[in-house]
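Asks: mind looking at a prediction? Sequence and model below.
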Amino acid sequence: MTYRFVRTSTPKTAAAQRSALQWAAEVAAYLKKTYAIDLRYGVELFGPGNIHWHLEADSVDAITALNAKLMQDRAYSELLEKGKAL
(Lines give C-alpha, C1' and ligand atoms only; values in the text may rest on other atoms or scores of the structure.)
Protein backbone atom coordinates (compact mmCIF):
# COMPACT_ATOMS: atom_id res chain seq x y z
CA MET A 1 0.00 0.00 0.00
CA THR A 2 1.19 3.53 -0.75
CA TYR A 3 0.49 6.51 1.47
CA ARG A 4 0.29 10.07 0.18
CA PHE A 5 1.25 13.04 2.30
CA VAL A 6 -0.19 16.37 1.14
CA ARG A 7 0.54 19.88 2.38
CA THR A 8 -1.36 22.95 1.11
CA SER A 9 -0.62 26.66 1.31
CA THR A 10 -2.64 29.63 0.09
CA PRO A 11 -0.74 32.71 -1.07
CA LYS A 12 -1.87 35.90 0.67
CA THR A 13 -2.72 37.59 -2.65
CA ALA A 14 -2.98 36.62 -6.31
CA ALA A 15 0.08 38.79 -6.93
CA ALA A 16 2.11 36.57 -4.57
CA GLN A 17 1.30 33.38 -6.47
CA ARG A 18 4.36 33.53 -8.72
CA SER A 19 6.69 34.06 -5.74
CA ALA A 20 4.89 31.28 -3.88
CA LEU A 21 5.49 28.88 -6.77
CA GLN A 22 9.18 29.79 -6.82
CA TRP A 23 9.30 29.12 -3.10
CA ALA A 24 7.53 25.77 -3.60
CA ALA A 25 10.18 24.84 -6.17
CA GLU A 26 12.91 25.82 -3.72
CA VAL A 27 11.43 23.62 -0.97
CA ALA A 28 11.06 20.67 -3.37
CA ALA A 29 14.65 21.09 -4.63
CA TYR A 30 16.01 21.25 -1.08
CA LEU A 31 14.22 18.05 -0.04
CA LYS A 32 15.37 16.25 -3.19
CA LYS A 33 19.00 17.33 -2.69
CA THR A 34 19.13 16.75 1.06
CA TYR A 35 16.87 13.73 1.55
CA ALA A 36 16.44 12.26 -1.97
CA ILE A 37 12.69 12.87 -1.69
CA ASP A 38 10.54 13.22 -4.79
CA LEU A 39 8.31 15.99 -3.46
CA ARG A 40 5.99 17.21 -6.17
CA TYR A 41 4.18 20.50 -6.19
CA GLY A 42 1.58 22.35 -8.23
CA VAL A 43 -1.00 25.08 -8.15
CA GLU A 44 -4.78 24.94 -8.47
CA LEU A 45 -6.00 26.42 -11.73
CA PHE A 46 -9.35 27.49 -10.35
CA GLY A 47 -10.17 28.91 -6.93
CA PRO A 48 -7.79 30.73 -4.59
CA GLY A 49 -4.59 29.44 -6.25
CA ASN A 50 -3.59 27.04 -3.50
CA ILE A 51 -0.13 25.49 -3.78
CA HIS A 52 0.01 21.75 -3.04
CA TRP A 53 3.00 19.58 -2.23
CA HIS A 54 2.73 15.81 -2.09
CA LEU A 55 4.91 12.78 -1.69
CA GLU A 56 4.26 9.09 -1.57
CA ALA A 57 5.72 6.62 0.92
CA ASP A 58 5.40 2.93 1.61
CA SER A 59 4.29 3.46 5.21
CA VAL A 60 2.99 6.00 7.67
CA ASP A 61 6.10 5.26 9.74
CA ALA A 62 8.30 6.49 6.87
CA ILE A 63 6.37 9.77 6.70
CA THR A 64 6.53 10.15 10.48
CA ALA A 65 10.31 9.53 10.49
CA LEU A 66 10.80 12.06 7.69
CA ASN A 67 8.75 14.66 9.56
CA ALA A 68 10.87 14.10 12.69
CA LYS A 69 14.06 14.71 10.64
CA LEU A 70 12.61 17.83 9.04
CA MET A 71 11.64 19.33 12.38
CA GLN A 72 15.33 19.12 13.40
CA ASP A 73 16.62 20.57 10.12
CA ARG A 74 17.54 24.24 10.57
CA ALA A 75 17.79 24.99 6.83
CA TYR A 76 14.34 23.51 6.24
CA SER A 77 12.93 25.62 9.09
CA GLU A 78 14.46 28.70 7.50
CA LEU A 79 12.76 27.82 4.20
CA LEU A 80 9.42 27.55 6.00
CA GLU A 81 9.97 30.94 7.63
CA LYS A 82 10.69 32.45 4.23
CA GLY A 83 7.32 31.18 2.98
CA LYS A 84 5.38 32.97 5.72
CA ALA A 85 5.72 36.26 3.84
CA LEU A 86 3.94 34.82 0.83
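Replies: It's in.
Asks: where do the helices sit along the chain?
Replies: Assigned by DSSP state H, the helices in the chain fall at 17-35, 60-71, 74-83.
Asks: need the winner for burial among those.
Replies: helix 17-35 (a mean of 15; mean count of other C-beta atoms under 10 Å). For glycine as for every other residue, the C-beta is placed from the backbone atoms N, C-alpha and C.
Asks: not counting its own residues, what contacts it?
Replies: Helix 17-35 has contacts (C-beta atoms under 8 Å, 6 or more residues apart in numbering) with 9, 11, 37-41, 43, 49, 51, 53, 66, 69, 73, 75-76, 79, 82-83, 86.
Asks: who's the residue nearest the centre of the chain bridged to?
Replies: Residue closest to the mean C-alpha point of the chain, counted by C-alpha atoms, centre = their mean, is Trp53 at 4.5 Å. Beta bridges link Trp53 to Arg7, Tyr41, judged by DSSP bridges.
Asks: that one reaches Tyr41, doesn't it?
Replies: Yes - using C-beta atoms under 8 Å, Trp53 is in contact with Tyr41, at 4.7 Å.
Asks: quick revisit: so the residue nearest to the centre of the chain versus Pro11, what's the distance?
Replies: Between Trp53 and Pro11 the computed distance is 14 Å (C-beta to C-beta, to the nearest Å).
Asks: gap between stretch 46-54 and the chain center?
Replies: How far stretch 46-54 lies from its chain's middle: 11 Å, per C-alpha atoms, centre = their mean, to the nearest Å.
Asks: ugh, wrong one, stretch 67-82
Replies: The answer for stretch 67-82 is 11 Å, by C-alpha atoms, centre = their mean.
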